[in-house]
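**Q** would you be able to build a 3D model of this:
(one chain, ligands or ions: 1)
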Amino acid sequence: MLAKSLVINGTIMIYEIDGLLSYLKELVLSAQSVQTNAQAPYSGFKVGAAVLDIHGHVSLGVNVERCTYTQTTHAEQNAIDSLVAQHGPVAIEVIAICGINQPRKINRYNISLNDIIFPCGHCLQIIWENCSNKNTAIISDLGDNLVAMSDIGSLLPVRFGPNNLNLNVFEPRRA
Ligand SMILES: [Zn+2]
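**A** As a prediction, this is how the structure comes out:
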């Protein structure tokens, strides 16, 4: 017998890049420009990421592939890990990623989930662990001057994180 049914909801909004608030647009442009630095000789799939933390720091990352494959690091992970290296454990407010490798035209009236490159499951977990809350924005470049915007709560609706261990990653540790 069914005891209860829980509903998982998510939202993805599509925006023109020029319609974004300027700091968000700047973050998308940073993800686009760093993408060319990716080291992706095996997949040819280059990804750039730019994160903004709650104090206004920006950090960039790209995917870096190795011939063992399993040692590859992802752009989102690199951006967040670099942020921590520079500023310590800190919550991010927005992450923008660009995984579009070819210029493309988008039919604005018929955009589907398949058109959007959002972070992989591995990176969603990493983003969640460095978030201040479930509204942390995730922006994905769609090409053709469009972006898809969502949030970690929508893309990772069922989340395991530091809270489950009664930990706050961002609290200073006692000596
Ligand atoms: Zn990933």
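**Q** make it CA atoms for all contacts and neighbour counts henceforth
**A** OK.
**Q** which phi and psi does residue 55 have?
**A** The phi/psi pair for residue 55 (degrees, to the nearest 10) reads phi -100, psi 0.
**Q** isn't residue 73 up against residue 61?
**A** No. Shown here, residue 73 and residue 61 do not form a contact pair, counting by CA atoms under 8 Å, at 9.7 Å.
**Q** who has more neighbours out of those two?
**A** For residue 73 versus residue 61, neighbours defined as other CA atoms under 10 Å are more numerous around residue 61 (28 against 17).
**Q** now residue 86. Its backbone dihedrals?
**A** Main-chain dihedrals, residue 86, degrees, to the nearest 10: phi -90, psi -30.
**Q** how far away is it from residue 60?
**A** As for residue 86, its distance to residue 60 is 12 Å (criterion: CA to CA, to the nearest Å).
**Q** give me the more crowded residue out of these two.
**A** Regarding residue 86 and residue 60, a neighbour count based on other CA under 10 Å identifies residue 60 as having more, with 27 against 12.
**Q** pull the CA atoms of the helix or strand hosting residue 26 into PDB?
**A** Assigning secondary structure by DSSP states H and E places residue 26 in helix 22-35. Extracted in PDB, the C-alpha atoms of helix 22-35 (Å, rounded to 0.1, in the frame of the first residue of the first chain):
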ATOM      1  CA  SER A  22      25.600  42.200 -16.000                       C
ATOM      2  CA  TYR A  23      27.500  40.200 -13.400                       C
ATOM      3  CA  LEU A  24      25.800  37.000 -14.700                       C
ATOM      4  CA  LYS A  25      26.600  37.800 -18.300                       C
ATOM      5  CA  GLU A  26      30.200  38.500 -17.300                       C
ATOM      6  CA  LEU A  27      30.400  35.100 -15.700                       C
ATOM      7  CA  VAL A  28      29.000  33.400 -18.800                       C
ATOM      8  CA  LEU A  29      31.500  35.200 -21.000                       C
ATOM      9  CA  SER A  30      34.300  34.100 -18.600                       C
ATOM     10  CA  ALA A  31      33.200  30.500 -19.000                       C
ATOM     11  CA  GLN A  32      33.200  30.900 -22.700                       C
ATOM     12  CA  SER A  33      36.600  32.400 -22.900                       C
ATOM     13  CA  VAL A  34      38.300  29.900 -20.600                       C
ATOM     14  CA  GLN A  35      36.800  27.000 -22.500                       C
END
